[in-house]
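# Structure of the sequence below:
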Amino acid sequence: MIELYYWTTPNGHKITMFLEETGLPYRLHPINIGAGEQFTDDFLAIAPNNKIPAIVDRAPADGGEPVPLFESGAILLYLAEKTGQFMPTEPRRRLATLQWLFWQMAGLGPMAGQNHHFSFFATDKIDYAIERYVTETARLYGVLDKQLQGREFIVDDYSIADMACYPWIVPHKRQSQNLDDFPNIKRWFDTIRERPATQRAYGLVDSIHEKT
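Have a look, this model is predicted:
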């Protein structure tokens, strides 16, 4: 059983997408970041950086003590290796998948996150900051669009790289991006959106918010 500490953010959706794809049993623990629940001692014992998502694997492969893990990219990689799914074993394709996973973690996520912050949450609207992060988000969309040229998914087959990137494209309108400007992303996005596991993962949102 995987204990998933989660909120309805792009990084949270990555993990529910993976779990729904694989059917790995999990129990959801909502961490309401708007109410500051990420700062409780119990959560910090699992995720010392006070960010969701985090997991505790109560049935690790080595049969030892439960494994706590934070950082969404690390969790995706751990779960892929645990299940043997959505991570290529051929060395070059594995490297390519890791490369795009880290690209999302280091680039697309942080830059889109800053886009959200300065456009919607900052008390003072700073035109320079808004323009900077909207422009950088567009550049990163262009990088991804080029990678998807002639490919169904980021590294040919559906993988944790796609699961990492997709949730950060979902709020494209909020990021002042038009998917018509990125036809390869639009095709890829529509394909992943229609996957039953994606729909189940995003279907959790309303039930989570109803309970909080």
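
# ok, and for the longest helix seen in the chain, which residues are buried?
For the chain, the helix with the greatest residue count under DSSP state H is helix 127-147. Buried residues in helix 127-147, defined by neighbour count with 16 or more other CB atoms under 10 Å: Ala129, Ile130, Tyr133, Val134, Glu136, Thr137, Ala138, Leu140, Tyr141, Leu144, Asp145, Gln147. For every residue, glycine as well, the C-beta is placed using N, CA and C.

# got a list of what the fourth one touches?
Yep, that's Val134 we're talking about. By CB atoms under 8 Å, 6 or more residues apart in numbering, the residues touching Val134 are Asn115, Ser119, Gln175, Ser176, Gln177.

# Might one say that Gln149 is in contact with Phe182?
No - Gln149 is beyond contact range of Phe182, at 10.6 Å (criterion: CB atoms under 8 Å).

# before we move on, back to that, can you tell me which of the contacts of Val134 are buried?
Asn115, Ser119, Gln175, Gln177.

# okay, those residues in TSV with pLDDT, distance to Gln104 and secondary structure next?
Formatted as TSV, these follow (pLDDT from 0 to 100; distance: CB to CB, whole Å; DSSP: H, G, I helix; E, B strand; the rest coil):
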residue	pLDDT	distance to Gln104	secondary structure
Asn115	96	14	helix
Ser119	94	20	helix
Gln175	97	14	coil
Gln177	97	15	coil
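
# Tell me which two of the residues you listed sit farthest apart.
Largest separation among these by CB to CB: Ser119 and Gln177, giving 11.5 Å.

# Next, count neighbours for Ala59.
If you count neighbours by other CB atoms under 10 Å, Ala59 ends up with 12.

# residues in contact with it?
Taking CB under 8 Å, 6+ apart as the test, what Ala59 contacts is Met1.

# Using PDB, list the CA coordinates for stretch 168-178.
Taking C-alpha atoms only, stretch 168-178 is exported to PDB below (Å, rounded to 0.1, in the frame of the first residue of the first chain):
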ATOM      1  CA  TRP A 168       1.900  21.700 -16.000                       C
ATOM      2  CA  ILE A 169       0.300  22.100 -19.400                       C
ATOM      3  CA  VAL A 170      -3.200  21.700 -18.000                       C
ATOM      4  CA  PRO A 171      -3.300  25.300 -16.800                       C
ATOM      5  CA  HIS A 172      -2.000  26.700 -20.100                       C
ATOM      6  CA  LYS A 173      -4.600  29.400 -20.300                       C
ATOM      7  CA  ARG A 174      -3.600  30.600 -16.800                       C
ATOM      8  CA  GLN A 175      -0.100  30.700 -18.100                       C
ATOM      9  CA  SER A 176      -1.100  33.000 -21.000                       C
ATOM     10  CA  GLN A 177      -0.300  30.200 -23.500                       C
ATOM     11  CA  ASN A 178      -2.400  29.200 -26.500                       C
END
